[in-house]
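Student: coordinates only, no sequence provided:
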């Protein structure tokens with residue numbers, strides 16, 4: 001009995017010591033967790049100064065500016081703590097970045113979106129280091145400083161080798177419905193023919209649509225007009241889709257089914273660049289402006305082909321003796337069933353006397369083919385003579401050769417409108 005009492009007296013302090021050590025160990029773990037929770041809360045308060053919705057401009061040295069928006073918000077990420085069952089929720093910056101280029105407001109605009117890949121904010125310097133990414137356009141790296149409600153800094157897109165400045169302002173809830181420069185719409189433009197010193201009018205229709213997850217889609221229709229704005233002679237080209245790089249602002253209108261290509265840079269409702277033909281290569285410069293029909297003060301307007309042409313026919317075949325006064329009449333009408341969307345009819349007259357006399361032979365044209373880009377003209381007459389005219393039309397003048405099926409070439413002609 002005495003031995004039992006003696007052993008109990010020895011064990012009680014030992015048990016009390018071990019219990020005390022256990023309580024002290026738990027307190028240390030709790031203290032570490034509390035420190036991390038306090039640090040996370042401090043970081044949350046620091047991040048609150050930068051979070052929000054921003055809208056502004058990406059600008060480049062060449063003058064191109066793009067409408068952009070940035071949304072930064074806080075997301076809690078579970079961070080395991082050693083020895084603790086419940087992880088600490090650590091606040092981090094997340095969100096998205098957008099090029100706003102479609103119809104609508106800042107809030108509901110069509111856009112090309114980038115996900116925030118990395119966002120670090122230094123509160124002591126009010127400095128934001130941001131990396132956003134898109135599967136098509138890769139990464140954009142931004143460095144900006146917060147001054148009040150404005151973010152200003154620089155950006156670079158290594159994959160496109162472009163860079164510039166950024167200037168964003170934080171929006172209030174009422175600002176989110178403010179308007180932006182819209183990409184889609186109707187544009188009037190001028191197409192230059194550099195080598196010929198000519199120009200012609202054109203209409204561009206851009207349609208935008210947003211199809212997540214791939215993002216913005218552009219479809220375009222370009223009308224090339226021959227003559228003034230009211231002329232019924234025009235070619236229509238459809239491009240679906242239009243290649244658009246939001247980083248550089250470049251648009252490329254190209255399709256295997258079309259014999260022309262356009263390339264330009266869009267900024268502030270204007271598109272400026274160049275156009276090309278499969279027949280001649282580079283044609284000249286282009287300039288489009290939204291909701292306008294510009295007038296050109298320099299150069300000469302590309303003329304339409306329709307009209308009445310008169311001039312000389314010179315016999316070149318000794319077996320032919322055709323009258324040497326010639327009139328060619330051409331009429332153009334829209335016709336969607338034709339390859340170019342234009343039907344051309346006409347007639348050929350050969351005068352024995354003056355053009356105001358009644359002494360002539362008239363031959364309706366059974367077929368008229370005309371390439372509006374190369375200006376090559378072929379007109380066939382299914383009379384007893386079976387004439388074929390082959391010529392080039394250029395600014396109110398057609399020059400070419402007259403053939404007869406039985407004799408081949410029978411004459412050279414030059415007629416003027």
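Tutor: Yes, it's here. Here the structure is a predicted model, which means the values were calculated and not measured.

Student: helices of the chain, start to end?
Tutor: Using DSSP state H, the helices of the chain run over 2-47.

Student: where does it have low pLDDT?
Tutor: The model of the chain has pLDDT under 70 over residues 1-27, 29, 81-86, 102-109, 173-181, 212-214, 297.

Student: one more pass at 80, please.
Tutor: 1-33, 36, 79-88, 101-110, 172-181, 210-215, 296-298, 339-340 (pLDDT under 80).

Student: got the domain ranges for it?
Tutor: 47-177, 185-300, 307-416 (automatic domain parsing).

Student: end to end on the shortest one, go ahead and measure it.
Tutor: In this case it means domain 307-416. 10 Å (CA to CA, to the nearest Å).

Student: re the thing from before, any chance of the domains of the chain in CSV, with mean neighbour count and distance to residue 28 too?
Tutor: In this view, the C-beta of every residue, glycine as well, is placed from N, C-alpha and C. Shown next, in CSV, are these (neighbours: other CB atoms under 10 Å; distance: least, CB to CB, whole Å):
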stretch, mean neighbour count, distance to residue 28
domain 47-177, 17, 9
domain 185-300, 17, 48
domain 307-416, 16, 84
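
Student: could those domains go into JSON lines alongside distance to residue 40?
Tutor: Formatted as JSON lines, the domains of the chain follow (distance: least, CB to CB, whole Å):
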{"stretch": "domain 47-177", "distance to residue 40": "5"}
{"stretch": "domain 185-300", "distance to residue 40": "32"}
{"stretch": "domain 307-416", "distance to residue 40": "66"}
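
Student: and the nearest residue to residue 93 once chain neighbours are set aside, what are its bridge partners?
Tutor: Once flanking residues are discounted, residue 93 sits nearest to residue 119: 3.6 Å by CB to CB, 6 or more residues apart in numbering. Assessed by DSSP bridges, residue 119 has beta-bridge partners residue 130.

Student: tell me the contacts of residue 119?
Tutor: Applying CB atoms under 8 Å, 6 or more residues apart in numbering, one finds that residue 119 lies in contact with 72, 92-95, 128-131.

Student: can you show me the strands along the stretch 251-400 of the chain?
Tutor: 260-267, 270-277, 281-290, 300-301, 307-315, 325-334, 342-351, 360-364, 367-370, 376-380, 387-393, 397-404 (DSSP state E, counting those that start in this stretch).

Student: against which helices or strands is the first one packed?
Tutor: What it means is strand 260-267. strand 250-253, strand 270-277, strand 281-290 (3 or more CB pairs under 8 Å, 6 or more residues apart in numbering; DSSP states H and E).

Student: hmm, 6 Å instead?
Tutor: If you count contacts as 3 or more CB pairs under 6 Å, 6 or more residues apart in numbering; DSSP states H and E, strand 260-267 packs onto strand 250-253, strand 270-277.

Student: next, format these as TSV and append distance to residue 230.
Tutor: TSV is the format used below for those (distance: least, CB to CB, whole Å):
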stretch	distance to residue 230
strand 250-253	25
strand 270-277	22
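
Student: select, out of these, the one closest to residue 65.
Tutor: Closest approach to residue 65 among these (CB to CB): strand 270-277, 10.8 Å.

Student: partner strands of the closest one, with direction?
Tutor: strand 260-267 (antiparallel), strand 281-290 (antiparallel).

Student: how far out from the middle of the chain is it?
Tutor: 12 Å (CA atoms, centre = their mean, to the nearest Å).

Student: same check on stretch 348-367?
Tutor: 51 Å.

Student: can you get me the start-to-end distance on that stretch?
Tutor: Note: stretch 348-367 ends 12 Å apart using CA to CA.

Student: so residue 67 makes contact with residue 100?
Tutor: Yes: using CB atoms under 6 Å, residue 67 is in contact with residue 100, at 4.5 Å.
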